[in-house]
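1. here's a sequence, model it:
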Amino acid sequence: MNNALTPAQIVQELNKYIIGQEEAKRHVAIALRNRWRRMQVPEGIREDIVPNNILMIGATGVGKTEIARRLAKLAEAPFVKVEASKFTEVGYVGRDVEGMVRDLAEQAISLVKLRKKEAVKEKAEEQVEDLLLDGLLPAQQHSINDPVYEQTRSHFRKKLKDGELEDRKIEINVSQNMAGQVGVMGVPGIDENAMANLQEMIGNMMPKRQKKRKLPISEARKYLMEEELNRLIDMDEVKEEALVLAAQHGIIFIDEIDKIAKSADRGGADVSREGVQRDLLPIVEGSAVQTKYGVLPTEHILFIAAGAFHVSKPSDLIPELQGRFPIRVELNALSKADFVRILKEPRNALTAQYISLFEAEKVSLKFEDEAIDTIAEIAWRLNADQENIGARRLQTVMSKLLNDFLFDMPERLVPGSTIQITSALVNERLQSIVQNPDLSRFIL
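-> Presented below is the predicted three-dimensional model:
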């Protein structure tokens with residue numbers, strides 16, 4: 001776990017990918033560091049220290065989801081993003097709120113398995129090499145301890161390591177998983193994930209079939225490697241560690257929480273809207289959720305909720321749920337200057353992404369500073385005149401600007417070509433859209 005980073009270091013890392021929103025970054029950095037601090041305190045008080053859940057308020061495209069996702073990657077913690085509007089109250093057809101905790105357990109299992117596999121990778125590679133050699137040179141009873149056989153085996157081992165036998169076909173035993181072949185009829189009141197888990201459980205109870213297949217060594221190695229890695233790791237240990245990881249370091253991001261707030265201005269039937277809030281409450285407060293890997297307590301999971309709150313207000317949430325999100329952060333709308341920085345500064349900036357795509361075709365793409373200013377100006381103006389979709393507007397503007405070039409590669413724009421994006425070119429390709437708001441509604 002990478003929880004030993006200080007809040008200042010966490011903000012510094014987030015700044016590499018996210019522009020602005022300093023207050024939100026500070027709050028999530030403190031929340032992450034508090035997890036490390038909690039593990040340093042005496043056990044007697046440790047269980048009583050619960051995370052301060054965060055409610056982010058801001059329009060779409062200002063960085064709410066990206067902040068939470070980058071935080072989880074930085075912490076190397078299991079992370080799940082859910083949309084509150086997809087949940088329904090218990091008793092209605094749909095997905096219940098406990099599903100997000102079960103998803104978090106799945107993410108934790110994947111993380112722990114990945115780490116365990118990395119730890120035994122070297123041993124697995126040695127065993128796979130022996131299995132491939134067995135396929136190439138099946139050992140006979142009389143060949144055991146035969147110097148000629150051992151010499152031949154050493155010769156083929158060197159060829160394997162040098163990659164000279166990748167296309168040679170060998171026969172291996174392939175295990176067929178029966179889980180996908182088991183049909184389970186739908187049961188009212190049980191969501192799709194629960195049905196999939198039931199199907200997997202029944203399939204795992206059935207004996208696995210072995211089937212002989214002839215595969216090139218390059219493909220056989222991948223298959224055998226996965227089998228050996230799974231054989232070398234202890235799944236009971238994985239489950240135990242994953243449940244602890246999810247419970248102590250998991251992050252659940254609940255998007256569109258404003259969609260389940262009951263606004264006084266909103267007429268019509270609020271189908272299970274308040275019911276979903278009441279179902280969320282015990283999960284956020286702290287409860288024990290049964291997953292297929294065991295019981296997962298939620299007291300120390302960090303919950304980050306987010307919503308635009310255009311129609312409703314945070315105070316429209318039920319008071320009990322409001323109290324479980326004590327930290328409220330309002331994210332600022334993005335300005336033209338922010339758009340310029342978004343296009344230039346982050347490691348994964350859109351300009352850098354497009355430059356890489358063009359480099360794949362051996363075409364050089366260059367942006368002048370004035371062109372970036374013009375792109376930012378057009379994106380900001382479109383957001384001001386139409387629906388404000390934040391930084392996502394840059395993606396639509398860049399796509400409109402560069403799609404013709406992307407289509408022309410590599411036939412018309414041959415490898416070795418250079419494309420210079422100037423302010424004049426940007427205006428030429430996008431000005432008609434900016435001047436015709438009716439048309440831009442459909443295109444951008």
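2. could you use CA atoms for every contact and neighbour count after this?
-> Noted.
3. pull the helix or strand with minimum mean pLDDT from the chain.
-> Least confident helix or strand, the chain: helix 437-443 with a mean of 53, by mean pLDDT, DSSP states H and E.
4. how is the protein partitioned into domains?
-> Following automatic domain parsing, one gets these domains for the chain: 7-105+241-330, 121-232, 336-443.
5. return the most buried member of those domains.
-> Mean neighbour count, computed with mean count of other Cα atoms under 10 Å, is highest for domain 7-105+241-330 among these, reaching a mean of 18.
6. residue ranges with poor pLDDT in the stretch 101-250 of the chain?
-> For the stretch 101-250 of the chain, applying pLDDT under 70 flags the ranges 139-145, 176-208.
7. what do you get if the cut-off is 80, keeping everything else the same?
-> Where the stretch 101-250 of the chain drops to pLDDT under 80, the residues are 138-146, 149, 173-212.
8. in it, which spans are strands?
-> Assigned by DSSP state E, counting those that start in this stretch, the stretch 101-250 of the chain shows strands spanning 169-176, 209-216.
9. relative to residue 327, which of the ones you listed is closest?
-> strand 169-176 (49.9 Å; Cα to Cα).
10. tell me what that closest one is packed against?
-> If you count contacts as 3 or more Cα pairs under 8 Å, 6 or more residues apart in numbering; DSSP states H and E, strand 169-176 packs onto helix 121-136, strand 209-216, helix 217-232.
11. now it - C-alpha only, CSV.
-> What follows is strand 169-176, C-alpha atoms only, in CSV (Å, rounded to 0.1, in the frame of the first residue of the first chain):
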residue,chain,number,x,y,z
LYS,A,169,3.0,-26.8,-32.1
ILE,A,170,2.8,-29.0,-29.0
GLU,A,171,-0.1,-31.0,-27.5
ILE,A,172,-1.3,-29.9,-24.0
ASN,A,173,-4.2,-30.7,-21.7
VAL,A,174,-6.7,-27.9,-21.5
SER,A,175,-9.1,-27.7,-18.6
GLN,A,176,-12.7,-26.7,-19.6
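12. run the chain-centre distance for that strand.
-> 33 Å (Cα atoms, centre = their mean, to the nearest Å).
13. so in this protein, which helix runs the longest?
-> Ranked by residue count, the top helix of the chain under DSSP state H comes out as helix 98-119.
14. hmm, back to that, the helices and strands packed on strand 169-176: which one's closest to residue 53?
-> Per Cα to Cα, nearest to residue 53 of these: helix 217-232, 36.3 Å.
15. so what does the closest one touch, helix or strand wise?
-> helix 121-136, strand 169-176.
16. at 10 Å instead, please
-> On a contact count with 3 or more Cα pairs under 10 Å, 6 or more residues apart in numbering; DSSP states H and E, helix 217-232 meets helix 98-119, helix 121-136, strand 169-176, strand 209-216.
17. tilt between it and strand 209-216?
-> 140 degrees (axes from the mean of the first three to the mean of the last three Cα atoms, to 10 degrees).
18. quick one, helix 217-232 and helix 98-119 angle?
-> 110 degrees.
19. can I get helix 217-232 in PDB, CA atoms only?
-> Output of helix 217-232 as PDB, limited to C-alpha atoms (Å, rounded to 0.1, in the frame of the first residue of the first chain):
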ATOM      1  CA  ILE A 217       4.300 -22.700 -28.100                       C
ATOM      2  CA  SER A 218       3.600 -18.900 -28.000                       C
ATOM      3  CA  GLU A 219      -0.100 -19.600 -27.100                       C
ATOM      4  CA  ALA A 220       0.600 -22.700 -25.000                       C
ATOM      5  CA  ARG A 221       3.000 -20.700 -22.800                       C
ATOM      6  CA  LYS A 222       0.300 -18.100 -22.000                       C
ATOM      7  CA  TYR A 223      -2.300 -20.800 -21.100                       C
ATOM      8  CA  LEU A 224       0.100 -22.900 -19.000                       C
ATOM      9  CA  MET A 225       1.500 -19.800 -17.300                       C
ATOM     10  CA  GLU A 226      -2.000 -18.800 -16.100                       C
ATOM     11  CA  GLU A 227      -2.700 -22.300 -14.900                       C
ATOM     12  CA  GLU A 228       0.600 -22.500 -13.000                       C
ATOM     13  CA  LEU A 229       0.100 -19.100 -11.400                       C
ATOM     14  CA  ASN A 230      -3.400 -20.100 -10.200                       C
ATOM     15  CA  ARG A 231      -2.000 -23.400  -8.900                       C
ATOM     16  CA  LEU A 232       0.800 -21.700  -7.000                       C
END
